[in-house]
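A.B. asks: just coords:
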């Protein structure tokens, strides 16, 4: 009886194509991302040779359909996105930038976060400090500065008020401060109102009542301030506006004060000093400085 060669009864996977391998009918190989089936036995004929091979599946176009992004992404920090025709590369932005959308039908891009209102300094007070210098915060970058002073209280039993001095590159501005303000206290026995002010003094005094101390007040007795500085870098007189609210637990007082003043100086200021007119400041106190663009 004659012998008939039926060939393979199923596909035979041979892995990646190798030029020195003898392939027979129905052998299947991979080559450059595509797969091919042998239709005529041979050795050394590339799978792209249609005489010996037939393509079973086709690789996508590298870099445009996700099969191989190495031709699209070339540098550390690259991001891939879909543009109008296919996959595209967005190179890394500069330090501090954020990825932003430009709307429907537009490509994404890197952008800079708005710097209209920015935290530029945080200072933690050393316990017992009688004055804290906050330097190199005023510059031509911002027009106005907002300062928050939280948990201001004494580190000892000395009664003292909070004050502010402007500073330039040489140190404190110590004269010709003109301050006006008014305070209100609320005690168990009733209300007490009074003006506060310092005319031609050596600092802005920011309250009409002594700050909490440690002899009669507990840790919950604190003052919190919000101060706004104007004209720090202009040739105009320097302005500081403030408001605060506080609690003196031992004396059962709550205190509110608001006011402001100016420094009779047209120079360029670089920072400020927070002080207590008597005794030290507790380490609970923290100073935050924000810059605002107008």
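C.D. replies: Received the coordinates, thanks. Predicted model only: the values in this text are computed from it and were never measured. Residues are numbered from 1 along each chain as shown.
A.B. asks: can you give me the helices in the protein?
C.D. replies: When assigned using DSSP state H, the chain turns out to have no helices.
A.B. asks: quick one: low-confidence parts of it?
C.D. replies: Low-confidence segments of the chain, defined by pLDDT under 70: 1-9, 60-68, 183, 185-200, 208-209, 218-219, 249-252.
A.B. asks: contacts only, for residue 233.
C.D. replies: Residue 233 makes contact with 138, 139, 140, 268, 269, according to C-beta atoms under 8 Å, 6 or more residues apart in numbering. Placement of C-beta: from N, CA and C, glycine included.
A.B. asks: so which of those is the most crowded?
C.D. replies: residue 138 (25 neighbours; other C-beta atoms under 10 Å).
A.B. asks: that older thread, using a markdown table, please lay out the contacts of residue 233 together with distance to residue 254.
C.D. replies: Formatted as a markdown table, those follow (distance: C-beta to C-beta, whole Å):
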| residue | distance to residue 254 |
| --- | --- |
| 138 | 33 |
| 139 | 37 |
| 140 | 40 |
| 268 | 39 |
| 269 | 33 |
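A.B. asks: show me which pair in these is furthest apart.
C.D. replies: Farthest-apart pair in the contacts of residue 233 is 140 and 269; separation 11.7 Å (C-beta to C-beta).
A.B. asks: that older thread, which one of the contacts of residue 233 is nearest residue 237?
C.D. replies: For these, the nearest to residue 237 is residue 269 (10.9 Å; C-beta to C-beta).
A.B. asks: just checking, that closest one touches residue 234?
C.D. replies: No. Residue 269 is not in contact with residue 234 according to C-beta atoms under 8 Å; the separation is 9.6 Å.
A.B. asks: kindly indicate which of the contacts of residue 233 lies nearest residue 21.
C.D. replies: Distances from residue 21 to the contacts of residue 233, taken by C-beta to C-beta, are shortest for residue 139, at 72.2 Å.
A.B. asks: distance check, the closest one against residue 293.
C.D. replies: Taking C-beta to C-beta, to the nearest Å as the measure, residue 139 falls 12 Å from residue 293.
A.B. asks: with residue 255 instead?
C.D. replies: Note on residue 255: its distance to residue 293, by C-beta to C-beta, is 33 Å.
A.B. asks: more neighbours: which of those two?
C.D. replies: More crowded of residue 255 and residue 293, by other C-beta under 10 Å: residue 255, with 23 against 12.
A.B. asks: so what's the residue count around residue 181?
C.D. replies: 22.
A.B. asks: do you know how far the nearest residue to it once chain neighbours are set aside is from residue 71?
C.D. replies: Using C-beta to C-beta, 6 or more residues apart in numbering and skipping residues adjacent in sequence, the residue nearest residue 181 is residue 259, 2.0 Å away. Using C-beta to C-beta, one gets 67 Å for the distance from residue 259 to residue 71.
A.B. asks: between these two, who's got more neighbours?
C.D. replies: residue 259 (23 against 12).
A.B. asks: so what sits opposite the more buried one in the bridge?
C.D. replies: residue 181, residue 242 (DSSP bridges).
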